[in-house]
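Novice: build the 3D model from these lines:
(one chain, ligands or ions: 1)
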Amino acid sequence: MICTTLRKDDECVFMTLRGCTYNEGKCMPIVEQCNGCKRVGKYDIGTFCKAVPDPSLKWKNSNCNLATHTKVADDSKKKKKINPIKASKRR
Ligand code: SF4
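Specialist: Got it, this is the predicted structure:
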């Protein structure tokens, strides 16, 4: 449903006919780590994430999994661990 509180005119899953159903009835502003993300939206009342109602929770334990500005480490270049016992049997 279309938000009528903070992120006016944006689609939001927490919006209902009775108002915003998220914690305390409103979204939380972005956190410092969000700067540079394409999901950041600027509104009259502040800067909010278009995908997450509380960005601080997304960054609490690790990087936000929806962030567009962080790169995931490429594991394909890492050397695979080789079990020495299995390797000796292959020879
Ligand atoms: S998607 Fe993640 S990093 Fe991007 S603005 Fe939202 S909470 Fe911040």
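Novice: can you show me the helices along this protein?
Specialist: If DSSP state H is used as the criterion, the helices of the chain fall at 55-58, 84-90.
Novice: winner for burial among those helices?
Specialist: helix 55-58 (a mean of 18; mean count of other CB atoms under 10 Å). In this view, the C-beta of every residue, glycine as well, is placed from N, C-alpha and C.
Novice: that helix vs the ligand: in contact?
Specialist: Yes: interface with the ligand: helix 55-58 contributes P55, K58 (CB under 6 Å from any ligand atom).
Novice: how about stretch 9-25?
Specialist: No: Stretch 9-25 does not reach the ligand (CB under 6 Å from any ligand atom); its nearest approach is 13.0 Å.
Novice: now do the end-to-end distance for that stretch.
Specialist: End-to-end span of stretch 9-25 (CA to CA, to the nearest Å): 16 Å.
Novice: quick one: mean pLDDT for that stretch?
Specialist: For stretch 9-25, the mean pLDDT works out to 88.
Novice: which other residues reach stretch 25-45?
Specialist: Residues outside stretch 25-45 that contact it (CB atoms under 8 Å, 6 or more residues apart in numbering) are 5-8, 10, 19-20, 46-56, 59, 63-64, 66-69.
Novice: hey, where'd the strands end up in the protein?
Specialist: 15-16, 19-20, 40-43, 46-49 (DSSP state E).
Novice: quickly check: the last one near the ligand or not.
Specialist: Spelled out, that is strand 46-49. Yes: judged by CB under 6 Å from any ligand atom, strand 46-49 comes into contact with the ligand through C49.
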